[in-house]
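A.B. asks: have a look; sequence and predicted model below, questions after that.
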Amino acid sequence: MPWPPEAKHGFLRMQFEAQKQHYGSYYPDADHSIVITGETPVGRVYVDRQATEILIVDFTLLPEFHRRAIGRAVISKLQAEAASSGKILTGHVERWNPARVFWQRMGFDLAEEDEIRERISWSAGRDRLPELSP
């Protein structure tokens, strides 16, 4: 957008606050964690642990930290948690999002939900945990 920096910052702040309020309303018990590599914050993950599933509400890494096995490490830990608790691990991904390939590589099934999103799901009974490269 050809906006001045202050306008961009204000718009992004408004979007962040709206999303935070939405997540707080729909997922009041969700955990919000900052993903850190070394001492550098590189992303965030919201996880809502429900009775029969672990829902990944939001998982985001900064683009410069993609393809460094950081996402694999975070999601593998959630897969191990789901396996040990006997729950399925679920979430959503936009149908146009290139991250769909990541979820498939991590062993998730993708199922059409609507014209925008697909539901992703993983269960230990269906698949094994992906191997981590050293």
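C.D. replies: Everything's here; your move. These numbers come from a predicted model, not from an experiment.
A.B. asks: all helices for this protein, in order.
C.D. replies: In the chain, helices defined by DSSP state H lie at 5-26, 70-85, 100-105, listed in chain order.
A.B. asks: which of those sits closest to Pro63?
C.D. replies: Among those, the nearest to Pro63 by CB to CB is helix 70-85 (11.8 Å). Placement of C-beta: from N, CA and C, glycine included.
A.B. asks: quick one: average pLDDT of the closest one?
C.D. replies: In this model, helix 70-85 carries a mean pLDDT of 96.
A.B. asks: before we move on, what about stretch 10-18?
C.D. replies: Confidence for stretch 10-18, expressed as mean pLDDT, is 90.
A.B. asks: do the same with stretch 90-101
C.D. replies: Across stretch 90-101, pLDDT averages out at 93.
A.B. asks: and the end-to-end length of that stretch?
C.D. replies: Chord length of stretch 90-101, first to last residue, is 16 Å (CA to CA, to the nearest Å).
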